[in-house]
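K.L.:
Quick one, structure for this:
(2 chains)
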Amino acid sequence: MNLEKVIFGFFIVLSLTLNFGFFLGEINNPDHHNVLELFIVIVVNFIATVLKLGDRSQIGAVLLSTSLVADLELIAAATYWTVAVHVTETGMTPDVMVTIISLSGGALLANVISVVILVSETLMSRL
Amino acid sequence: MAESIDLNRVSFIVMREMRSPIIALIVVYAISILVMVSIPGPVIEGKTHNMSIFHALYFMTYTATTTGFGEIPYEFNNAQRFWAMACLYVSVITWFYAIGSIVRLFQNPFFVRALEERQFTKAVKRISGPFFIVCGFGDTGSLLARGLSDHGFPAVIIDDNEERIKTLKLRDYRVAMSGFCADASVPKHLLEAGVQHPNCKAVVAITNCEETNLKIAALARLLNPGIGIIAMSKVEVFEETLATLGGEVHVVDPFKTFAKVLGSALKHPEYTGLSQWLAKEPGATLNKFCAPPMGHWIICGYGRMGHEVNRVLTLHGIDTTVIDPHEATGSESPAQYIVGRTTAKTLVKARVDQAVGILAGTDDDGHNLGILLNARNLNPGLFSLVRQNRHENRLAFAAANIDLIMQPTMVTSRRILFLLIAPLLKPFFAYLVADEPDRQQELLAVIQRLNDKIGVRQPHLQTIFINENSSHAALKYLADGNSLRLGHLIRHPDDLTKQLPIVVLIIKSGDTLIPLPSDDYQLKSGDQLLLCGTQSAVRLLNATLNNEYTLAFVQSGQILPRGYVMQWFARRQIFTIQN
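P.N.:
Numbering: from 1, shown residues only, chains lettered A, B, ... in the order given. Predicted coordinates for the structure are as follows:
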């Protein structure tokens, strides 16, 4: 058993599942998507990214890049939410919600790729 | 400088050829537009609307290309229509003239050649890894190219026969093989092939012409004093000249090479099995080897091959009889010499009933097979050694159930391939067959080890360097003050209790050679390893040498922390992350 794998696997799968939970629901219905859940997804994703910093292997580099993609899209979603509600005061209209959810959908895909890479690496090495 | 002139030549030719068509187009457009603008236009509401230059150019653009969008901006009057008609005919003809010039240029064989030369030079410049220049793409060249492709080395191929270069482009090589039809003994073409390219490791001269090979070798040495040169030669005089070129020069003589193999086979029959198996000869296994019998031999055909084989057999105290249509010449005239073609009569005269082996070594395949059948008829138990001259006859030779086939092209290409991809194989074999007391046991032990580890799978020879390019993780591991144990290095990264199916044959460390190193050998920076393993095992080993985590794991069994966070935890020893 490799403790580093356990910790990283935990965070990457947690971030995928939370992301999926936030993504689930009608795309334009603000009642189906919780702001707190988005916040936790971002935090967990950040931790997963930081855990991969410093890995000099090829797989480590790819995992870091997919993590960064997820971070970028989630931050974009959160920024858009903040701007719509607090800066322009448009409020949480359905079309704002649609943009946020599609961004989080992109992040979900990046997280899926991370998990696929993690699983295939583990299966390949059979340690 | 010569290269840049050639590179610019193509654009220069295009520009020169296109000069007059382009001038014609400019003049026709200019006159058409000027006249069109100056013709009084249609009168609308009492005002004459002459065409503007912009509209005239627009009109010309679609008229000259025969598109035709109509009359703009106003409907033309008859004067304008008259001029438009003239414009249409003249400009369309001018366009045809211009396009025709380009087409003619591209049909010019010299231009096409210049274009190919330019593409070839560019392709050579783009090669990033080590590569070889192969001059001559006959049977030997194509076998060599196939072998290089199997080992992932690109080659630049020059041949003066256009047909062969065309066939090269249709082959399915795993790496880029650029071919160019040119005379390789012209310095310019060697330069284009990249003889001065920093990644070019060796020039291989294997054309059919001895003089050309010599010339290529000499030119390559002059153009790049540090480059390796391998030249095929079957003539003594040329071999002497080649040997004095200086630097790393190998002369490959298929007959001498074969004679050496035969000599080793007489002493150590297992050795031939090993070398054929390493060369991936179809049907060769480690347990199958041929042992040429001692006794009376008949040599049919006293050419270059006959000479060499006779020399080796005589050296080993074997009694030979030579049959050849020509009178014996030269100093090495054999004791028993029968003049005449090989027929039942001459064979009987050569005591075929008492013979143990026969060499059919003429330069005619049909004749060789004929000799074999003839001799077998008279003595079915003969050990047969037959020369196969043409690769295309291989099916007939395979069906003849011959003990040892000698195919000059195969011998040459195999030897060159080994010189290029596994230069340490020569000292390794020399060690194995050396006249030392316990060498025979060692040879058998190597074969046993290869049998245990690889067995019936395809062997793959690989040379590995402990340097920045091919094993950077290993270099870093050594720089950190660790020791790199050979036995641990070839452990399986998935299961440390097992080793990969790899046998390290020889290591070159500095100037010392260590044949068959033990598992305790400590690798050093700059070491050169020759190993034999299965293709997948060699790939795994290469991955280990370039991945510091796997390397540390196979060496020490420890899983290193990868990320900064875990490294920090490990340093603080908050919790251990070992197995």
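K.L.:
Going toward the C-terminus from the top strand by length along chain B, what's the next helix or strand?
P.N.:
Scanning chain B for the strand with the most residues, using DSSP state E, yields strand B:502-509. Next helix or strand after strand B:502-509 toward the C-terminus (DSSP states H and E): strand B:512-515.
K.L.:
Please state the offset of that next one from the chain centre?
P.N.:
Taking the mean of its C-alpha atoms, strand B:512-515 sits 28 Å from the chain's own mean (Cα atoms, centre = their mean, to the nearest Å).
K.L.:
Tell me the strands beside that strand, with direction?
P.N.:
strand B:502-509 (antiparallel) (DSSP bridges).
K.L.:
if we can go back for a sec, for the record, mean pLDDT for the longest strand of chain B?
P.N.:
Averaged over strand B:502-509, pLDDT sits at 92.
K.L.:
Centre of the chain to that strand, how far?
P.N.:
Worked out by Cα atoms, centre = their mean, strand B:502-509 lies 24 Å from the chain centre.
K.L.:
Report all helices and strands that the top helix by length along chain A contacts.
P.N.:
Longest helix in chain A by number of residues (criterion: DSSP state H): helix A:94-125. If you count contacts as 3 or more Cβ pairs under 8 Å, 6 or more residues apart in numbering or on different chains; DSSP states H and E, helix A:94-125 packs onto helix A:3-23, helix A:35-52, helix A:58-82. (Each C-beta comes from the backbone N, C-alpha and C, glycine too.)
K.L.:
nearest to residue B:425, of those?
P.N.:
helix A:58-82 (31.7 Å; Cβ to Cβ).
K.L.:
Name the residues of the closest one that are buried.
P.N.:
A:59-60, A:63-64, A:66-67, A:69-71, A:73-74, A:76-78, A:81 (16 or more other Cβ atoms under 10 Å in any protein chain shown).
K.L.:
is any part of that helix close to chain B?
P.N.:
Yes: Helix A:58-82 lies within reach of chain B by Cβ under 8 Å from any Cβ of the partner chain, at A:58, A:60.
K.L.:
and the angle for that helix with helix A:35-52?
P.N.:
150 degrees (axes from the mean of the first three to the mean of the last three Cα atoms, to 10 degrees).
K.L.:
Show me the contact partners of helix A:58-82.
P.N.:
Applying Cβ atoms under 8 Å, 6 or more residues apart in numbering or on different chains, the contact partners of helix A:58-82 are A:12, A:15, A:19, A:35, A:38-39, A:41-42, A:45-46, A:48-49, A:52-53, A:55, A:92, A:96, A:99-101, A:103-104, A:106-107, A:110-111, A:113-114, A:117-118, A:121, B:547, B:562-563.
K.L.:
Centre of the chain to the longest helix seen in chain B, how far?
P.N.:
Using DSSP H to define each element, chain B has its longest helix at helix B:2-38. Distance, stretch centre to chain centre, for helix B:2-38: 44 Å (Cα atoms, centre = their mean).
K.L.:
Over to stretch B:524-544?
P.N.:
Worked out by Cα atoms, centre = their mean, stretch B:524-544 lies 21 Å from the chain centre.
K.L.:
right, quick check: that stretch against chain A, any contact?
P.N.:
No: shown here: stretch B:524-544 not in contact with chain A (Cβ under 8 Å from any Cβ), separated by at least 9.4 Å.
K.L.:
what comes up buried for that stretch?
P.N.:
B:527-534, B:537-538, B:540-541, B:544.
K.L.:
For those residues, work out which two are farthest apart.
P.N.:
Greatest spatial distance in the buried residues of stretch B:524-544: B:527 and B:534, 22.1 Å, computed using Cβ to Cβ.
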